[in-house]
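Q: Sequence isn't available, so here's the structure alone:
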């Protein structure tokens, strides 16, 4: 359980920062995008919200087809914070129930049946659930800054808030 405990501590801490960021998403700007090739603000926030649920689907098997990894359809009036918190709690419950052997068990990512990556479940947790989430949270901070939305402090202070 030592591995799960460390993962859960980080997930709890980073989850608080993600919630603070999602709380700032202006509901009247969900269709805004900084560039034609970029996701809209709403789609990006929904993707961040959905990452823990996607990770649950991925971790439920020893092989996962990446074409099944997309987020659920964003509802008309999304509740980013509530949905994210429910998804994160479910992911944390699943990880908390895994012992070290389960976390070290083999895992395969495939596309159309072709193996893309053979690794361990703990690597999938770190890369898909955690690192991927942090990456998109950083994107969200840029979107919010461009919309002149005050940013929360995450790792120390921000230009708008002191921890």
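A: Right, received. Where do you want to start? Just so it is clear, the structure is predicted and the values come from calculations on it, not from any experiment.

Q: Show me what the lowest-mean-pLDDT helix or strand in the chain is packed up against.
A: Across the helices and strands of the chain, mean confidence by mean pLDDT, DSSP states H and E is lowest for strand 63-65: a mean of 86. Where contact means 3 or more C-beta pairs under 8 Å, 6 or more residues apart in numbering; DSSP states H and E, strand 63-65 is packed against strand 106-111. (Glycine included, C-beta is placed from N, CA and C.)

Q: Kindly recompute the last result at 10 Å.
A: When contacts are defined as 3 or more C-beta pairs under 10 Å, 6 or more residues apart in numbering; DSSP states H and E, strand 63-65 packs onto helix 41-59, strand 106-111, strand 114-120.

Q: Return the most buried member of these.
A: Per-stretch averages of neighbours, counted by mean count of other C-beta atoms under 10 Å, single out helix 41-59 among the helices and strands packed on strand 63-65, with a mean of 22.

Q: Helices of this structure, start to end?
A: Shown for the chain, the helices assigned by DSSP state H span residues 2-23, 41-59, 80-96, 100-103, 121-124, 132-146.

Q: pLDDT of the last one, averaged?
A: The one in question is helix 132-146. Average pLDDT, helix 132-146: 97.

Q: Can you give me the buried ones in that helix?
A: 132, 133, 136, 137, 139, 140, 141, 143, 144 (16 or more other C-beta atoms under 10 Å).
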